[in-house]
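[1] Got a predicted structure plus its sequence, pasted below:
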Amino acid sequence: MQSQNRTPLAVAALSFELNLNGGQPPKEFRLFPAGRFRAADGSGRPALPAAGWLMNAASAQRLIAAAQARQNDYVLDYEHATLTAAKAGQKAPAAGWFKALEWREGDGLYVIAPRFTAPAAQHIAALEYRYVSPVFAWDRQTGEVLAFYHAALTNDPGLDGLTDFSALSAHPDFSHPLQKEPIMKILLAALGLSETATEAEALAALSAKTAQIVALQAQKPDPAKYIDIESFSSVQAELAALKTTQRTAEVAALMAEGQADGRILPQIETWARELGEKDIASLKTFLAGAPRVAALQGTQTGGQSFAGAGGDVAALSAEQKQVAEAMGLSAEQFKKALQEV
């Protein structure tokens, strides 16, 4: 997808003169000059930023780190054939290979120990090729060089007389590197477009997708299918309150029933009520297994059944023993509790 001024990243090709080393290809050459630089071939590049491109120590260190992280060498080809060969269906033979970069403050970024092919070495020695043109990306806002891709031997200088810096070579046909980034592929795929989509096609698809989202947001939900969260929360609160009220009433009824037939003695009323409020099923289970104490029903026989002539408590019946055991009370404790009822 071709980019205009919508992204801070852009790409250019730059040319530098190769200085012969005793009639042999150079053992090092400069890729970028230090400081600000721009085209002097009448193109006015770069349009952004107006101050021009910038190579500084920070940019250099970024490029050096990227080179060190690579496993493969950078290619040096002829006339940027790497950029155009695939499109033209032609070969792109290498003129050399290199990887080591070195920053020289106040001078620029250099390629160290390049390895030229035999034909390229002959071309350079015969002055048939005099310049090296790197392809790089820069920030449209600051002009700072962000990335380096490869370089080429070229004879297309556009600037003369600045040490070994000789020209900026325009290559309008190479693709923008952002097209190769995974995020761009993902975005294009999300829009239903191929990787070869133009910027106009992408913008049109994005506008259509945005309009679709806005339209969906403007639609009111079908009340037969959805309920708003406020109403749903209100209903939940009312149901919870109703369940609490019903449970309280059911616990009260069970307590009254258990107290009436002696299954719930005064000493365990608090425990039984708390049990029912926490787990009414457990209270029902307890009542189902607890024995009914006849002596505690009705008027409790006025207390006459539990004391002899001397006022002592009679022995516990079988049912009373079961209740005492269920309550964890001794016989004497249970007799005392009966006397207090």
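    Cool, the structure landed.

[2] tell me which residues in the helix or strand harbouring residue 240 are buried?
    Taking DSSP states H and E as the definition, one finds residue 240 inside helix 229-260. Of the residues in helix 229-260, those buried by neighbour count under the rule 16 or more other Cβ atoms under 10 Å are 251, 254-255, 258-259. Where C-beta positions appear, they are placed from N, C-alpha and C, glycine not excepted.

[3] got CSV for these, with distance to residue 63 too?
    Formatted as CSV, the buried residues of helix 229-260 follow (distance: Cβ to Cβ, whole Å):
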residue, distance to residue 63
251, 78
254, 82
255, 84
258, 87
259, 89
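
[4] now, which of the residues you listed sits nearest residue 29?
    residue 251 (92.9 Å; Cβ to Cβ).

[5] So which residues of this structure form strands?
    Read by DSSP state E, the chain holds these strands, from start to end of the chain: 9-17, 28-33, 35-37, 53-55, 74-78, 94-98, 101-104, 108-112, 115-116, 131-139, 145-154, 165-168.

[6] Now tell me which of the ones you listed the model trusts least on average.
    For those, the stretch scoring lowest in mean pLDDT is strand 165-168; its value is a mean of 31.

[7] any idea which helix or strand of this structure has the worst average confidence?
    strand 165-168 (a mean of 31; mean pLDDT, DSSP states H and E).

[8] can I see the domain layout of the protein?
    According to the domain assignment given by automatic domain parsing, the chain is divided into the following structural domains: 9-174, 184-218, 223-290, 303-341.

[9] what's around the residue nearest to residue 99 when sequence neighbours are not counted, how many residues?
    For residue 99, ignoring the flanking residues on the chain, the nearest one in space by Cβ to Cβ, 6 or more residues apart in numbering is residue 73 at 4.7 Å. Here the count is done by other Cβ atoms under 10 Å, and residue 73 has 16 residues near it.

[10] And residue 130, how close does it get to residue 82?
    Here residue 130 is placed at a distance of 20 Å from residue 82 (Cβ to Cβ, to the nearest Å).

[11] which of the domains of the chain sits most buried?
    Taking mean count of other Cβ atoms under 10 Å as the contact definition, the stretch among the domains of the chain with the greatest mean neighbour count is domain 9-174, which reaches a mean of 17.

[12] Least confident of the domains of the chain, on average?
    Going by mean pLDDT, the lowest-scoring of the domains of the chain is domain 303-341, which has a mean of 59.

[13] residue contacts, the residue nearest to residue 62 when sequence neighbours are not counted?
    Counting by Cβ to Cβ, 6+ apart, residue 62 lies nearest to residue 146, which is 7.1 Å off, once chain neighbours are set aside. By Cβ atoms under 8 Å, 6 or more residues apart in numbering, the residues touching residue 146 are 9, 59, 62, 136-139.

[14] Need phi/psi at the nearest residue to residue 38 once chain neighbours are set aside.
    Closest residue to residue 38 apart from its sequence neighbours, by Cβ to Cβ, 6+ apart: residue 52 at 3.6 Å. Per-residue torsions, residue 52: phi 100, psi -180 (degrees, to the nearest 10).

[15] Between the two ends of stretch 275-292, how far is it?
    The straight-line separation of the ends of stretch 275-292 (Cα to Cα, to the nearest Å) is 19 Å.

[16] Just give the closest residue to residue 137, not the sequence neighbours.
    Leaving out its chain neighbours, the residue that sits closest to residue 137 by Cβ to Cβ, 6+ apart is residue 147, at 4.3 Å.

[17] now the helices: where do they sit in this protein?
    If you assign secondary structure with DSSP state H, the helices in the chain sit at 57-69, 81-88, 118-125, 182-190, 199-218, 229-260, 269-278, 280-289, 318-327, 331-340.

[18] between the ones you listed, which gets nearest to residue 153?
    For the helices of the chain, the distance to residue 153 is smallest for helix 118-125, at 6.5 Å, taking Cβ to Cβ.

[19] what angle do that closest one and strand 131-139 make?
    Using axes from the mean of the first three to the mean of the last three Cα atoms, to 10 degrees, the interaxial angle of helix 118-125 with respect to strand 131-139 works out to 100 degrees.

[20] Tell me which other helices or strands helix 118-125 touches.
    When contacts are defined as 3 or more Cβ pairs under 8 Å, 6 or more residues apart in numbering; DSSP states H and E, helix 118-125 packs onto strand 94-98, strand 145-154.

[21] Please report how far the residue nearest to residue 62 lies from residue 70.
    Note on residue 146: its distance to residue 70, by Cβ to Cβ, is 16 Å.

[22] repeat for residue 111
    Plainly put, residue 111 is 14 Å away from residue 70 if you go by Cβ to Cβ.

[23] Ok, residue 134 next?
    Distance from residue 134 to residue 70, by Cβ to Cβ: 15 Å.

[24] swap in residue 138?
    From residue 138 across to residue 70, the span is 20 Å (Cβ to Cβ).
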